[in-house]
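**Q** My questions concern the predicted model and sequence given below.
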Amino acid sequence: MRNQAAVLYAPHDIRLEERPKPVPGPHEVLVEIKAVGVCGSDVHYYEHGRIGSFLVQKPLILGHESAGTIVEVGEGVDRARIGQRVAIEPGVPCRMCRECRHGRYNLCRNVQFFGTPPVDGAFTNYVTIPADFAYPLPDKISFEEGALMEPLSVGLWACRKARLQGGDRVLITGAGPIGLVSMKVALALGATDVIVTDVFPQRLEIARTLGATRTVNVAQETLTDAKLDADVLIECSGNRSALQNGIRSLRPAGRAVVVGMGPGEETSIPLAFIQNNEIELTGIFRYANTYRDAIALVASGHVDIKSIITSYYSLEQTEQALQAAKNDPANIKPIVVPERS
């Protein structure tokens, strides 16, 4: 069978081309990709050719939010897995370093992450992955939903790092895909009040539709004026003002988690406010040990992940999918379906 791929050669230069069909090695599986979500990092590579120190120096297949069907297995993998529907966790660690051995494999310095230079991703027909990073999907979960276990894992990890508790008031700055999935997880974990901010009215309307108890358009109203008094801040926009004002919106002993990545490596924070109010501030880098729980949240009905999907594209239309959110702020989560005609 053919293996086509949408390949990034340079900013705004995606080419559809034939690639050799990969062969699963020992303890690996070959997955036929059925759905791939478009992430903000994919868009950033498409627009700029780099994110921070990660530079696209040779043709690269983007895409890391994916699901599909196992069609071949390598040595050491049970052949009964052939035909299994799976969600793919796209970051494979070395398994040997200190961080891996302490369960913090998301912080492994040698992680191989789909769609991050120089590792090819999932905008293609076939990929190989270690068998234990291909998680079985219940029949009730579609491939499109399965692909979104990746961003859902980010939201779940953010809520875990925030030690979110039932009854918490949660402030989420940024109503993009990660902000919305973080909101959904917060509500599923028992948050009684979830406030979402953004500068786009279309995204705030979507947040309200999906369960936000309050929204704030920070292009019209500052967080300081809103006087939110939140227990938890989950900052998903990567905007410096959102982080600063979000921290100032916390109650004493509040917890702030930085999820969004801004353009710079450094920023300023209200240190005196943090000290005087004993605010806890941390960041997250992807996630660890979340996929099974993310799948369970969707399978149980506690999180409706399908509701953030806003458009579908074929593999040939990958470039349009990468441009979708820029052209329409309400196009929250485009999905590439390789078999789509």
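**A** Good, I have the coordinates. Residues are numbered from 1 along each chain as shown.

**Q** hang on, Leu297 in a helix?
**A** Yes. Using DSSP: H, G, I helix; E, B strand; the rest coil, the assignment for Leu297 is a helix.

**Q** which other helices and strands contact the helix or strand bottoming out on mean pLDDT in the chain?
**A** Ranked by mean pLDDT, DSSP states H and E, the weakest helix or strand in the chain is helix 223-226, scoring a mean of 84. Under the contact definition 3 or more Cβ pairs under 8 Å, 6 or more residues apart in numbering; DSSP states H and E, helix 223-226 sits against helix 240-248. From N, CA and C alone the C-beta is placed, and that goes for glycine too.

**Q** got the CA coordinates for the helix it packs on in PDB?
**A** The C-alpha trace of helix 240-248 is given here as PDB (Å, rounded to 0.1, in the frame of the first residue of the first chain):
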ATOM      1  CA  ARG A 240       3.100  37.700  29.200                       C
ATOM      2  CA  SER A 241       0.300  39.900  30.400                       C
ATOM      3  CA  ALA A 242      -2.000  36.900  30.800                       C
ATOM      4  CA  LEU A 243       0.500  35.300  33.100                       C
ATOM      5  CA  GLN A 244       1.200  38.400  35.100                       C
ATOM      6  CA  ASN A 245      -2.500  39.400  35.600                       C
ATOM      7  CA  GLY A 246      -3.500  35.800  36.000                       C
ATOM      8  CA  ILE A 247      -1.200  35.400  39.000                       C
ATOM      9  CA  ARG A 248      -2.500  38.600  40.500                       C
END
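
**Q** Contact partners for the nearest residue to Ser142 once chain neighbours are set aside?
**A** Of all residues not flanking Ser142 in the chain, Lys306 sits nearest, at 7.1 Å (Cβ to Cβ, 6 or more residues apart in numbering). Lys306 sits next to 142, 144-145 when contact means Cβ atoms under 8 Å, 6 or more residues apart in numbering.

**Q** before we move on, what about Phe133?
**A** Shown in contact with Phe133 (Cβ under 8 Å, 6+ apart): 88-90, 92.

**Q** Compare the contacts of Lys306 and tell me which has the most neighbours.
**A** Counting neighbours by other Cβ atoms under 10 Å, Glu145 comes out on top of those with 25 neighbours.

**Q** could you say which helix or strand contains it?
**A** helix 143-147 (DSSP states H and E).

**Q** packing partners for that helix?
**A** strand 28-37, strand 65-73, strand 85-88.

**Q** Measure how far the helix or strand that it is followed by is from the centre of its chain, please.
**A** Next helix or strand after helix 143-147 toward the C-terminus (DSSP H and E): helix 149-161. Distance of helix 149-161 from its chain centroid, counting by Cα atoms, centre = their mean, to the nearest Å, is 8 Å.

**Q** Next, the angle strand 28-37 makes with helix 149-161.
**A** 90 degrees (axes from the mean of the first three to the mean of the last three Cα atoms, to 10 degrees).

**Q** what's helix 149-161 in contact with?
**A** Contacts to helix 149-161, defined as Cβ under 8 Å, 6+ apart, come from residues 37, 39, 64-67, 87, 89-90, 106, 135, 177-178, 181-186, 189, 234, 236, 257, 259, 282, 284, 286-288, 290-291, 293-295, 297-298, 303, 305, 333.

**Q** Could you export the helices and strands packed on helix 143-147 as a markdown table, including distance to Thr213, mean neighbour count and mean pLDDT?
**A** As requested, the helices and strands packed on helix 143-147 are exported to a markdown table (distance: least, Cβ to Cβ, whole Å; neighbours: other Cβ atoms under 10 Å; pLDDT from 0 to 100):
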| stretch | distance to Thr213 | mean neighbour count | mean pLDDT |
| --- | --- | --- | --- |
| strand 28-37 | 26 | 25 | 98 |
| strand 65-73 | 28 | 24 | 98 |
| strand 85-88 | 30 | 25 | 98 |
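
**Q** among those, which is nearest Asp198?
**A** Relative to Asp198, the nearest member of these by Cβ to Cβ is strand 28-37, separated by 19.7 Å.

**Q** what helices or strands is the closest one leaning on?
**A** Where contact means 3+ Cβ pairs under 8 Å, 6+ apart, strand 28-37 is packed against strand 65-73, strand 85-88, strand 126-130, helix 143-147, strand 333-336.

**Q** 6 Å instead?
**A** Secondary-structure packing of strand 28-37 (3 or more Cβ pairs under 6 Å, 6 or more residues apart in numbering; DSSP states H and E): strand 65-73, strand 126-130, helix 143-147, strand 333-336.

**Q** Who are the contact partners of the residue with the largest distance to the centre of the chain?
**A** Taking Cα atoms, centre = their mean, the residue of the chain most remote from its mean C-alpha position is Asn276, at 33.3 Å. Asn276 sits next to no residue when contact means Cβ atoms under 6 Å, 6 or more residues apart in numbering.

**Q** Could you confirm it falls within a helix?
**A** Yes. Membership of Asn276 in a helix is supported by three-state DSSP.
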